[in-house]
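K.L.:
Fold the following.
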Amino acid sequence: MKVVNQPIMKKDAMALVTGKPVFTNDKAPKECLIVKLLRSPYANAMIKSINTQFAMKVPGIEAIYTWEDVPQERFTMAGQTYPELSPYDRQILDQHVRYVGDPVAIVAGENEKCVDQAIKMLRVEYEVLPANLDPRKAMDKDTPLVHPEDNWKALCNIGADNKKNLCATEETHEGDVDAVLADCDVVVEHTYHTKANQQAMMETFRTYCFIDEYGRLNVVSSTQIVFHVRRILSNALCIPKSKIRVSKPRIGGGFGAKQSSISEVYPAFVTWMTKKPSKIIFSREESQIASSPRHEMQVTVRVGANKNGKIRAIDVYTLSNTGAYGEHGPTTVGLSGHKSIPLYRDLEAHRFAYDVVYTNRMSAGAYRGYGATQGVFALESAVSELAAKIGMDPTKIREMNMV
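P.N.:
You can find the predicted model right below:
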């Protein structure tokens, strides 16, 4: 056979092994502006003032932007089909900083040295506010609101209420779960907690921007979502999509983190304002503290079965911590139930409910498994405990009940 079972050379194999310019930073010219961000040292604070006077005097500094210089329209950085389920709760820069690492100012200059010096010379006065750090208490009446603003909005009916720290909520069921569980011979109920573990692709977040001969904003970025980035930048910069072109070269890993527009908006704004090419390259520290980790979830599972091991009902409740912003919050949580409960057939009843809450932590996002990982871990742990309680081999109970 000429095709089947034959090795196929990757089209970019020679370029990769010979070190040709294939990644984002390879594409950026040496003379482009270097963009960096001053980030918040506080989990929850209002910016009272920013003094840029001394920083602007640093030789080589092109521009410094604060929340007063950017459009006040809110948008989402989530790479999702319009209308996005993720709420519009972001601004390019905001007077209200909501987690340690939230951007405070954008600094652009001729080289990294002058930009670093200018960032050190910025003087910011904060009004530090109480922080909401525990997702289990996020909806309590006395818990500080992460998004008290009135221009927060959700394009879809996801049950959200920013005045309750609620990013999304829903309950679906079939049959009377409580009645069936009450009639089961054996019931297991446990709560499982999964952490907001971070992804660490080799190539950190980075973007290069320039204005082409037609006056269009060209964005070259290490991203998984070129067309979504185009729409996101249109919303953020308040310019037509027809004036934006986004392309992606070879990317050094993503794992889902680059399914949100983490870095693109900052050099895009600089280039659009200055008409000069610019680039931003996140440090490894920035990629760890201000990007897109897996959603922390607390999953409560109830599983009921007969003595012979036949599972009759499953009840799953997920509390998901979306962090300071809602990127992918309303969608990842759904998979914790929709990808776990259907693994088991012929259920007499099942229920899945969830709440997605805001906290003053780094915003979560897409990560391999996209919420299914957390839900499957919880349900499968419960089924194994059910098997132990019955005295049945955990493999056998799955053979009996799985699709």
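K.L.:
and the biggest strand by length in the chain, which strands flank it?
P.N.:
Looking across the chain with DSSP state E, the single longest strand is strand 311-323. With DSSP bridges as the criterion, the sheet partners recorded for strand 311-323 are strand 296-305 (antiparallel), strand 349-358 (parallel).
K.L.:
Pipe the ones you listed into CSV and attach mean neighbour count, distance to R123 and mean pLDDT per row.
P.N.:
Every residue, glycine included, has its C-beta placed from N, CA and C. Shown next, in CSV, are these (neighbours: other CB atoms under 10 Å; distance: least, CB to CB, whole Å; pLDDT from 0 to 100):
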stretch, mean neighbour count, distance to R123, mean pLDDT
strand 296-305, 23, 34, 99
strand 349-358, 23, 29, 99
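K.L.:
which stretch among these comes nearest N235?
P.N.:
In this view, the strands paired with strand 311-323 are compared for proximity to N235 by CB to CB, and strand 349-358 is the closest at 20.2 Å.
K.L.:
any idea which helix or strand comes after the closest one?
P.N.:
Counting by DSSP states H and E, the element after strand 349-358 in chain order, helix or strand, is helix 372-390.
K.L.:
helices or strands next to the next helix-or-strand element following that following helix in the packing?
P.N.:
If you walk from helix 372-390 toward the C-terminus, the next helix or strand you reach (DSSP H and E) is helix 394-401. Using 3 or more CB pairs under 8 Å, 6 or more residues apart in numbering; DSSP states H and E, the elements in contact with helix 394-401 are helix 372-390.
K.L.:
contacts for the helix it packs on?
P.N.:
Applying CB atoms under 8 Å, 6 or more residues apart in numbering, the contact partners of helix 372-390 are 186, 188-190, 192, 194, 294-295, 297, 299-303, 305, 307, 309, 311, 314, 316, 318, 335-337, 339-341, 343, 367, 369, 393-394, 396-398, 401.
K.L.:
Show me which residues of it are buried.
P.N.:
By neighbour count, and taking 16 or more other CB atoms under 10 Å as the criterion, the buried residues in helix 372-390 are 372-380, 382-383, 385-387, 390.
K.L.:
how long is stretch 356-375 end to end?
P.N.:
Distance between the two ends of stretch 356-375: 14 Å, counting by CA to CA, to the nearest Å.
K.L.:
again with stretch 284-300
P.N.:
With CA to CA as the measure, stretch 284-300 spans 34 Å from end to end.
K.L.:
And stretch 281-295, by the same measure?
P.N.:
24 Å.
K.L.:
any idea how far stretch 288-306 is from the chain center?
P.N.:
Mean-position distance between stretch 288-306 and its chain equals 15 Å (CA atoms, centre = their mean, to the nearest Å).
K.L.:
Ends of that stretch, what's the gap?
P.N.:
Across stretch 288-306, the straight-line distance between its terminal residues is 46 Å, by CA to CA.
K.L.:
Lowest mean pLDDT among the helices and strands, pick that one out for the chain.
P.N.:
With mean pLDDT, DSSP states H and E as the measure, the helix or strand of the chain carrying the lowest mean pLDDT is helix 13-17 (a mean of 89).
K.L.:
List the buried residues in it.
P.N.:
Along helix 13-17, not one residue counts as buried under the neighbour rule (16+ other CB under 10 Å).
K.L.:
same question, stretch 29-49
P.N.:
If you call a residue buried by 16+ other CB under 10 Å, then stretch 29-49 has these buried ones: 32-40, 42-45, 47.
K.L.:
cool, stretch 187-204 as well?
P.N.:
Neighbour counts using 16+ other CB under 10 Å place V187, V188, Y192, T194, A196, Q198, Q199, M201, E203, T204 of stretch 187-204 among the buried residues.
K.L.:
Pull the contacting residues for the last one.
P.N.:
Under the criterion of CB under 8 Å, 6+ apart, the contact partners of T204 comprise I281, F282, S283, R284, E286, S287.
K.L.:
can you give me the strands in the stretch 1-150 of the chain?
P.N.:
Assigned by DSSP state E, counting those that start in this stretch, the strands in the stretch 1-150 of the chain fall at 33-39, 45-51, 61-65, 96-97, 103-109, 123-128.
K.L.:
Compare those and give me the one nearest K10.
P.N.:
Checking those against K10 by CB to CB gives strand 33-39 as the closest, at 32.3 Å.
K.L.:
Send over the closest one as PDB, restricted to the C-alpha atoms.
P.N.:
Output of strand 33-39 as PDB, limited to C-alpha atoms (Å, rounded to 0.1, in the frame of the first residue of the first chain):
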ATOM      1  CA  LEU A  33       8.000  48.100  21.000                       C
ATOM      2  CA  ILE A  34       8.400  45.900  24.100                       C
ATOM      3  CA  VAL A  35       5.100  45.700  26.100                       C
ATOM      4  CA  LYS A  36       4.900  44.700  29.800                       C
ATOM      5  CA  LEU A  37       2.300  45.000  32.500                       C
ATOM      6  CA  LEU A  38       2.300  46.300  36.000                       C
ATOM      7  CA  ARG A  39       0.300  43.900  38.000                       C
END
